[in-house]
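Trainee: quick check, what structure comes out for this input:
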Amino acid sequence: MYKKILITGGSGFLGRQIVNECSQEFEVLAPRSSEFNLYDYESTSNFIKEHKPEVVVHSAAYYGGLNINIEEPANLFRNNTIMTANIYEAAAKNGVKKVVAVGSACAYPGEVIGDMKEEDFWSGPMHDSVIGYGSSKKIQLIAQKSYFQQYGLLGNHLSLTNLYGEHDVFQIYRAHVVAALIKRFSDEINNSSITNWGDGSPVREFLYAKDAAKAIKISINAESDLEPINIGTGVGTSIKELADLTAKYMNYQGELKWDTSKPNGVMRKVLDVTKMKSKFPDFMPISFEEGLRQTISWYLKNKQSADSRS
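Mentor: This is a model prediction of the structure:
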């Protein structure tokens, strides 16, 4: 059983939840970028060599919602790929036993029929709207297999569905859909109508970040697996349903409108979680309605600081 772990991105949206979840069970290293620069191999390698973690949980990422995926595909690909390459090389060369990679459902093909199963991972091209970010997540799985073959570095690649929760990025440009809607409703709460992108028909799956952190903790001492493991709820929610729930929990009384000139993105993105339930039988995420209610409550109490986080 592993005892000492390094969490990259430990001050980020998901990373801070992983740190909180793991701190009572493991000795946790969660350095700031000033002492652990993932874009620089020497900085990454020197930190791992000095502190000797047994496991690296790689949760650091440059990410965002549909806006940033459309505007910065090259930055998303480059930044995340550099971090992945440096982490795996430094881990392999400095005695790390295992890397747990935080992947994404964005890496799946864009035209999968039905819920996405792990065997679908390589079955077709990604949707153009997520090509930069999704490709960088596919590279994580390639790195896992390559470094196992050459160095014996163990790993688990967790393909996470869309995350939401406290401490997310709520600035519209970088926000995922749940955070973006919460902020928009809050900013426009006194308007007679609120207009959202697309037509509301795309279906997404949402996972509370605290629950994602619980699954990641379980994976640290789980059996190594060179194939992806989907992490989600297996429950789809349309964007229209999300908007209606957000209006309900924020007590918005106006009209919801839809700008159909804006893109919908992938029409359906829901994970098949059969493998997850088999490997992590004790993992039971909360309902989306409950998680959304808690997230909205936190945001309204912390709006100023939440809105300022970039």
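Trainee: hmm, Y208 is touching Y164, no?
Mentor: Yes. Proximity of Y208 to Y164 meets the contact threshold set by C-beta atoms under 8 Å, at 6.7 Å. C-beta coordinates here come from the backbone N, C-alpha and C atoms, glycine included.
Trainee: overlap in contacts, the two.
Mentor: In the contact map built from C-beta atoms under 8 Å, 6 or more residues apart in numbering, the residues linked to both Y208 and Y164 are G291, T295.
Trainee: can you tell me the helix or strand for N80?
Mentor: Taking DSSP states H and E as the definition, N80 sits inside helix 73-93.
Trainee: scratch that, A243
Mentor: Counting by DSSP H and E, A243 is found in helix 239-249.
Trainee: can you give the contact residues for that helix?
Mentor: For helix 239-249, the external contacting residues (C-beta under 8 Å, 6+ apart) are 177-178, 181-182, 185, 194, 196, 198, 200-204, 206, 252, 256, 258, 264, 288-289, 292-293, 296.
Trainee: which members of those residues occur in strands, if any?
Mentor: I194, N196, V203, R204, F206, L256, W258 (DSSP state E).
Trainee: sorry, back to before: restricting to C-alpha, output the helix holding A243 in PDB.
Mentor: The C-alpha trace of helix 239-249 is given here as PDB (Å, rounded to 0.1, in the frame of the first residue of the first chain):
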ATOM      1  CA  ILE A 239     -28.500  21.600 -21.100                       C
ATOM      2  CA  LYS A 240     -32.100  22.800 -21.000                       C
ATOM      3  CA  GLU A 241     -32.700  20.700 -17.900                       C
ATOM      4  CA  LEU A 242     -29.500  22.100 -16.400                       C
ATOM      5  CA  ALA A 243     -30.800  25.700 -17.100                       C
ATOM      6  CA  ASP A 244     -34.200  24.900 -15.600                       C
ATOM      7  CA  LEU A 245     -32.600  23.500 -12.400                       C
ATOM      8  CA  THR A 246     -30.200  26.500 -12.100                       C
ATOM      9  CA  ALA A 247     -33.200  28.800 -12.400                       C
ATOM     10  CA  LYS A 248     -35.000  26.800  -9.700                       C
ATOM     11  CA  TYR A 249     -32.200  26.800  -7.200                       C
END
